[in-house]
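> fold the following, please.
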Amino acid sequence: MKALSNSIWMMLEKVLKLGLALIVTAQIARYLGPTSYGVFSLSLTILAILTVISLSGLNRITVREVVESISTEDTREILTTVFYIRLIISFLLYLIFSSALFVYGYEYWLGYSLVFLSIIFTPFNSVDLYFQSVNKLKVVSFYRSASSVVSSLIKLILVYYQADIFYLFLAVFIEYLLVALFLFLCVKKEMNFFNPNSFSLKKAKCFLSESWVEVIAGFGGILFMKLDIVMLQYLDSSESVGLYSAATRLSEAWYFIPASIITVTFPAVIKAKKENDGVYKDKLLLLMTLISFISLLSIATLTFIAKDIVLFIFGESYLQSASVLMVHCWVCLFIFLGSTSGSYMAAEKLLKYNLYRNLIGLLINIIANCLLIPQYGGIGAAYATLIAVVFAFLLSDLLFHPIRFLFFLKIKSLIPIRLFRKAFEANFIKF
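Next comes the predicted model:
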């Protein structure tokens, strides 16, 4: 029941952020137009890639370790170590990529550099991992919601006064700063893990030795999910990036629902593993079935309203985004089936297979993008991504014996009627 309560709080937060994001994105996209919006979107895409690298593959490992920790001091040591690992990596990434842009002489170097500087605030997301582990997401959801409201107002004011694009880059930086500040205030009294004296070099070596596989897997995963935007920039134009980004923004808008469910149930999956292997796999199938049901419902909705919703939110200049949206909306189904099975791999310490499947997806996406973008533009990039996620998060399971059964679980999960029968049998509410 506690997990259900946390899911509700997390979803309320995400619904608020979704509503604000759609309003703000629509105003920014209309104000900048497809070409300049493409420039702005590309900066956010690169930041997303850098953020995944800075996470160091430690998310699932951190939750697992905190759930299994035996004392408060042990928990503090784990979280402090993870925080400083991320902080060091984030700072190094900023220096490398900001310097590279300066040397390259990119026109928007200063704005992009400011956006990339936001990465130094991402280690504060470790606060989220702590609250996930102890199933106490109400407070952190409130603080995140407050930061979203403030940052959204700033962006709307900038659009209203027709500010230069540089100030929108600055607004992104302020948004990350606010989130970090609110998260710091959120956790300071309950579990202050920012004191470097609690850093453990031994734990750092242990975490990094296990997480390097997940780092490469995460990097490969975010690349094959975001590489289409980068390749569109270099194989087509900034306008194509703007049109494509508008479509993917709508396609990914509802992702918070399955993501929230997966996040709050991961600790329960680990606990079920300790108790009974049959119940453990039964709950995993139930979770996949629920995710599939939600995904298919979203796909059907977006397919029918694609043109109307693009016109309503972004305007006529983005009408071409509708065809991209109708293809890209299918990506979600395979992403979240992959994410659910990724939780299983983390619990079983089989993360190397997550690496393999992400690298497979990346390779296929690069090849597909090179073949499809020059001829079909944005819709070609959408098909390339869809092909890549099908191979990475469904078909690749068949290649490796320890995770082969996950392929058959995913196929079974595509039959929605199982959701209601399994929910009754497994008493899903105990998640």
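> if you count residues, where's the longest helix of the protein?
Criterion DSSP state H: the longest helix present in the chain is helix 2-54.
> elements contacting that helix?
If you count contacts as 3 or more Cβ pairs under 8 Å, 6 or more residues apart in numbering; DSSP states H and E, helix 2-54 packs onto helix 72-104, helix 109-117, helix 138-160, helix 165-187, helix 201-235, helix 238-251, helix 256-275, helix 277-313. All C-beta atoms are positioned from the backbone trio N, CA, C, and that covers glycine.
> residue 410 is nearest to which of these?
helix 277-313 (6.1 Å; Cβ to Cβ).
> for the closest one, what is the average pLDDT?
Mean pLDDT, helix 277-313: 84.
> quick check: angle from whichever helix or strand comes after it to helix 201-235?
Note on helix 277-313: by DSSP states H and E, the next helix or strand toward the C-terminus is helix 321-328. Orientation of helix 321-328 against helix 201-235 (axes from the mean of the first three to the mean of the last three Cα atoms, to 10 degrees) gives an angle of 130 degrees.
> how about the secondary structure of residue 349?
coil (DSSP: H, G, I helix; E, B strand; the rest coil).
> which ones are touching it?
By Cβ atoms under 8 Å, 6 or more residues apart in numbering, the contact list for residue 349 reads residue 210.
> confidence score at it?
What the model reports as pLDDT for residue 349 is 74.
> tell me the angle the longest helix of the chain makes with helix 238-251.
160 degrees.
> re the thing from before, out of the helices and strands packed on helix 2-54, which one sits most buried?
When the helices and strands packed on helix 2-54 are scored by mean count of other Cβ atoms under 10 Å, the highest mean neighbour count falls to helix 238-251 (a mean of 25).
> can you list contacts of it?
Residues outside helix 238-251 that contact it (Cβ under 8 Å, 6+ apart): 21-22, 25, 29, 32-39, 41-42, 45, 228-229, 232-233, 302, 309-310, 313-314, 318, 320-322, 324-325, 328-329, 331-332, 377-378, 381-382.
> what angle sits between the host helix or strand of residue 60 and helix 72-104?
Using DSSP H and E, residue 60 falls within helix 59-68. On the basis of the same axes, to 10 degrees, helix 59-68 is oriented at 170 degrees to helix 72-104.
> which helix or strand contains residue 162?
Judged by DSSP H and E, residue 162 forms part of no helix or strand.
> what is the burial count for it?
7 (other Cβ atoms under 10 Å).
> my guess is it contacts residue 32, does it?
No - using Cβ atoms under 8 Å, residue 162 is not in contact with residue 32; the gap is 10.3 Å.
> about what we covered before: from the contacts of helix 238-251, list the buried ones, please.
Neighbour-count burial (16 or more other Cβ atoms under 10 Å) applied to the contacts of helix 238-251 gives 21-22, 25, 29, 32, 34, 36-39, 41-42, 45, 228-229, 232-233, 302, 309-310, 313-314, 318, 320-322, 324-325, 328-329, 331-332, 377-378, 381-382.
> returning to that earlier point: so for the helix holding residue 60, what gets flagged as buried?
59-67.
> hang on, isn't residue 211 packed against residue 62?
No - in this structure residue 211 lies outside contact range of residue 62 using Cβ under 8 Å: 9.2 Å.
> for residue 40, what are its contacts?
28, 32, 165, 168-169.
> what's the answer for residue 50, then?
93-94, 97, 116, 119.
> which of these sit farthest apart?
Farthest pair in the contacts of residue 50 (Cβ to Cβ) is 97 and 119. Separation: 8.8 Å.
> so residue 343 versus residue 257, what's the distance?
Separation of residue 343 from residue 257 (Cβ to Cβ, to the nearest Å): 16 Å.
> with just CA atoms, put stretch 351-366 into CSV.
The C-alpha trace of stretch 351-366 is given here as CSV (Å, rounded to 0.1, in the frame of the first residue of the first chain):
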residue,chain,number,x,y,z
LEU,A,351,23.8,-5.9,-15.8
LYS,A,352,26.3,-6.9,-18.4
TYR,A,353,23.4,-8.1,-20.5
ASN,A,354,21.8,-4.7,-20.3
LEU,A,355,25.1,-3.4,-21.7
TYR,A,356,25.0,-5.9,-24.6
ARG,A,357,21.4,-5.1,-25.6
ASN,A,358,22.0,-1.3,-25.4
LEU,A,359,25.1,-1.6,-27.6
ILE,A,360,23.1,-3.7,-30.1
GLY,A,361,20.4,-1.0,-30.2
LEU,A,362,23.0,1.7,-30.6
LEU,A,363,24.7,-0.1,-33.6
ILE,A,364,21.3,-0.7,-35.3
ASN,A,365,20.2,2.9,-34.7
ILE,A,366,23.3,4.3,-36.2
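> give the buried residues for it.
Across stretch 351-366, burial judged by 16+ other Cβ under 10 Å covers 351, 353-362, 364-366.
> show me the strands in the stretch 301-431 of the chain, by range?
Secondary structure of the stretch 301-431 of the chain (DSSP state E, counting those that start in this stretch): no strands located.
> so who does residue 317 touch?
Applying Cβ under 8 Å, 6+ apart, the residues contacting residue 317 are 30, 33-34.
> just the terminal-to-terminal distance for stretch 311-328.
17 Å (Cα to Cα, to the nearest Å).
> ok, and the closest non-adjacent residue to residue 182?
residue 143 (3.8 Å; Cβ to Cβ, 6 or more residues apart in numbering).
> you'd agree that neighbour is up against residue 180?
No - the pair residue 143 / residue 180 is not scored as a contact, 10.5 Å apart, by Cβ under 8 Å.
> and residue 245, how far from residue 140?
28 Å.
> what's near enough to touch the nearest residue to residue 176 once chain neighbours are set aside?
Closest residue to residue 176 apart from its sequence neighbours, by Cβ to Cβ, 6+ apart: residue 118 at 3.7 Å. Counting by Cβ under 8 Å, 6+ apart, residue 118 makes contact with 47, 172-173, 175-177.
> of those, closest to residue 287?
residue 47 (30.0 Å).
> which residue is the nearest non-sequential neighbour of that closest one?
That would be residue 115: by Cβ to Cβ, 6+ apart, it lies 5.5 Å from residue 47.
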